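*Asks:* Based on what follows, work out the 3D shape:
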Amino acid sequence: MPAWLQQMLEPFVKIVAPAAQQLGPEFHQSTRAVAAALDGLARPFVPLLQKLVDAVSPQLLASAAAVDALLGQYSPWQVALLAVGATLLLVTAAQAAAARLSRISRQGVVNWACACIRAAPFIRGLLAREKAKVAAKIAAGIQRDGLCLTQLPQHGRPAKVVLELLRAKESRNVRVAPGTSSMSGVVYIKDEEHKQLLDDAYCLFSWSNPLHADIFPSVRQMEAEVTAMTAAMLHGGPGTSAPLACGAMTSGGTESILLAIKAARDFMAATRGITAPELVVGPSAHAAYWKAAEYFNIKLVQAPLGQDFRLHSSSVARCISRRTVLVVASAPGFPHGVVDDVAGIAAAAAARGVPCHVDCCLGGFLLPFVEQLGYDVPVFDFRVPGVTSISVDTHKFGMAHKGSSVVLYRTPELRQHQFTRVTDWSGGLYISPTMAGSRSGAVIATAWASLVHLGQDGLLAAADSIMQAARDFKRQLSLRLPQLRVLGQPHASVVAFAAADPAKLNIYCLNDLLTQKGW
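*Replies:* Okay, the predicted model is just below:
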């Protein structure tokens, strides 16, 4: 061992030697064996290291002498003050650099680079001109109905006149008739009788507000019943593997997703002490997860999809870290209509003690009945042990009015982190289960009415017709349009397709042509 290294290690040896004498001979034999192995590995590098030290030492000694000479003209307190100031400056610079790097990491290097490019004066001016063209085009295409209000009218108008104005505005919308819609999604309705039932239910409860459950107890009960029915449909509740499954109604899938993430973030902060949370999703997850990451200051980590457009446990497992607060799977995903490997993803999350959320906003009221019809549907609900929360939209295939969804949790312990409690507010006790304070009880009533009117047999019949249409569309697409190819193997109602040869067919032009034909 070189003399300089022996001198460096000598103080440590003096400290460690007395403690080492208290240990048994087996420990010393093992230590000597390890030391011998390390010595054998390091011995070839000793000459090279010695040369490096010999070459650098004069420069280091000269630099130290120069610093000593420079600082020798100052008093000790001045040197100490200078050291403190330099340290604070370096710490501030390091914190600023870390904050910038954190923002870049959250934003993504590509997005950050694009933002820098857009900030260039020439590019910024070019974009402004293009935006002005688009805005002018949109303004020119807006259909005016003769009434464009920008401030309150001086005098109120009779109810009959206002209703006529509303009818004139409504007439400009795309006509929606049950069974004849040319839209993909957007409006989910069974028939005219179902629509009228929901409209009547809304009128009955148009003034109700579940925030005041003592005044509107029936609304609170309907919310509890919709939540319980939804949980039971997804194998939660009494007699299942998730007997304590619970939840709440929200204003839509986005709020259900936001609340599930908020609950997971706060739960992991309380139980794990995580202060720099991360959320693992696939690129096919709904855009609401990007919104949640922005709202809640969570780093979004994207796990790559497989060749089948599904998110698999292997890619998710590689993305889970000690800062992960939630892992997300979709059933199905909006872009491709395929169900992710929920069982594998939930198992990978559970192995690390991380909650797993399943996004069933689109398929929650469809997949359970598709499975009953005998179609191949990967297990995705509370039957999977590691699934801790699920979001389901009643306003999609539950055929309720827009503005209703359900978020479910396996246990009340997780759900309690969704709530907001203000116990020392000067206005009194305030507890809110969702993001909104006041909510429309009428929307809850229409969701209840829709589920009770449809029942399991009605939802099963709807799933059958939907799957037959999707299967026929996929088959005809393959037989009659070889210029297109289906993406993946859809499990539900979504059939995604792309150009078989993008060089020959621009899929966006095809979309514009379909729009021109009324689709």
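*Asks:* Just the strands from the stretch 201-350 of the chain, written as ranges.
*Replies:* All strands of the stretch 201-350 of the chain, identified by DSSP state E, counting those that start in this stretch, fall at 246-250, 278-281, 299-302, 324-330.
*Asks:* Pull the residues that contact the strand or helix carrying A113.
*Replies:* When elements are assigned from DSSP states H and E, A113 belongs to helix 109-118. Applying Cβ atoms under 8 Å, 6 or more residues apart in numbering, the external contacts of helix 109-118 come out as R103, I104, Q107, I123, R124, L127. Just so you know, the C-beta spots here come from the backbone N, C-alpha and C atoms, and that holds for glycine as well.
*Asks:* Could you check the angle the helix ranked longest in the chain makes with strand 246-250?
*Replies:* Scanning the chain for the longest helix, with DSSP state H as the assignment, gives helix 441-480. On the basis of axes from the mean of the first three to the mean of the last three Cα atoms, to 10 degrees, helix 441-480 is oriented at 90 degrees to strand 246-250.
*Asks:* Quick check: mean pLDDT of helix 441-480?
*Replies:* Helix 441-480 shows a mean pLDDT of 94.
*Asks:* shaky segments in the stretch 301-450 of the chain?
*Replies:* Low-confidence segments of the stretch 301-450 of the chain, defined by pLDDT under 70, are absent.
*Asks:* From E130, how far out is K137?
*Replies:* Per Cβ to Cβ, to the nearest Å, K137 is found 11 Å from E130.
*Asks:* can you check A331 too?
*Replies:* For A331 relative to E130 (Cβ to Cβ), the value is 39 Å.
*Asks:* So for those two, which residue has more residues nearby?
*Replies:* Neighbours were counted for A331 and for E130 using other Cβ atoms under 10 Å; A331 has more, 28 against 10.
*Asks:* Look at the residue lying closest to the more buried one once chain neighbours are set aside and give its secondary structure.
*Replies:* Leaving aside its chain neighbours, A331 sits nearest to F380 (3.9 Å; criterion: Cβ to Cβ, 6 or more residues apart in numbering). When classified by DSSP: H, G, I helix; E, B strand; the rest coil, F380 comes out as coil.
*Asks:* wait, what's in contact with F380?
*Replies:* A329, A331, V339, V342, V358, C360, L367, V387 are the contacts of F380 under Cβ under 8 Å, 6+ apart.
*Asks:* Contacts only, for the first one.
*Replies:* Think A329. A329 touches G282, L311, D340, D341, V342, I345, A346, C356, H357, V358, D359, F380, counting by Cβ under 8 Å, 6+ apart.
*Asks:* Among those residues, name the ones in helices.
*Replies:* Among the contacts of A329, the members that lie in helices (by DSSP H) are V342, I345, A346.
*Asks:* L48: which of those residues is nearest?
*Replies:* The closest of those to L48 turns out to be I345 (Cβ to Cβ; 48.5 Å).
*Asks:* Helix, strand or coil: sort out R421 for me.
*Replies:* Assignment for R421 (three-state DSSP): strand.
*Asks:* shouldn't it be in contact with D266?
*Replies:* No: with contact defined as Cβ atoms under 8 Å, R421 does not reach D266; the gap is 11.7 Å.
*Asks:* Compare neighbour counts for the two and give me the winner.
*Replies:* The residue with more neighbours, out of R421 and D266, is D266; 19 against 10, by other Cβ under 10 Å.
*Asks:* Looks like F267 contacts P355 (just checking).
*Replies:* Yes: using Cβ under 8 Å, F267 is in contact with P355, at 6.9 Å.
*Asks:* Need the overlap of contacts for the two.
*Replies:* Common neighbours of F267 and P355 (Cβ under 8 Å, 6+ apart) are V325, L414.
*Asks:* neighbour count winner among these two?
*Replies:* P355 (26 against 23).
*Asks:* Identify the residue nearest the more buried one in space, chain neighbours excluded?
*Replies:* Closest to P355 by Cβ to Cβ, 6+ apart is T388, at 4.1 Å.
*Asks:* Based on its surroundings, how many neighbours for D54?
*Replies:* Neighbour count for D54, taken as other Cβ under 10 Å: 10.
*Asks:* Model confidence for K14, exactly?
*Replies:* The model's pLDDT for K14 equals 62.
*Asks:* And for V134?
*Replies:* 86.
*Asks:* that's a strand at it, yeah?
*Replies:* No: checked against three-state DSSP, V134 lies outside a strand; its state is helix.
*Asks:* quick one: it and V486, what's the gap?
*Replies:* The separation that V134 has from V486, given Cβ to Cβ, amounts to 32 Å.
*Asks:* so where's the stretch 101-250 of the chain uncertain?
*Replies:* Within the stretch 101-250 of the chain, the ranges that satisfy pLDDT under 70 run 106-108, 141-146, 178-180.
*Asks:* 50 instead?
*Replies:* Of all residues in the stretch 101-250 of the chain, none has pLDDT under 50.
*Asks:* Helices of the stretch 201-350 of the chain, start to end?
*Replies:* Under the criterion DSSP state H, counting those that start in this stretch, the stretch 201-350 of the chain contains helices at 217-233, 253-272, 288-296, 313-319, 342-351.
*Asks:* what's the burial count for the residue nearest to A264 when sequence neighbours are not counted?
*Replies:* Once flanking residues are discounted, A264 sits nearest to L326: 3.9 Å by Cβ to Cβ, 6+ apart. Using other Cβ under 10 Å, L326 is surrounded by 27 other residues.
*Asks:* And for C148?
*Replies:* With other Cβ under 10 Å as criterion, C148 counts 7.
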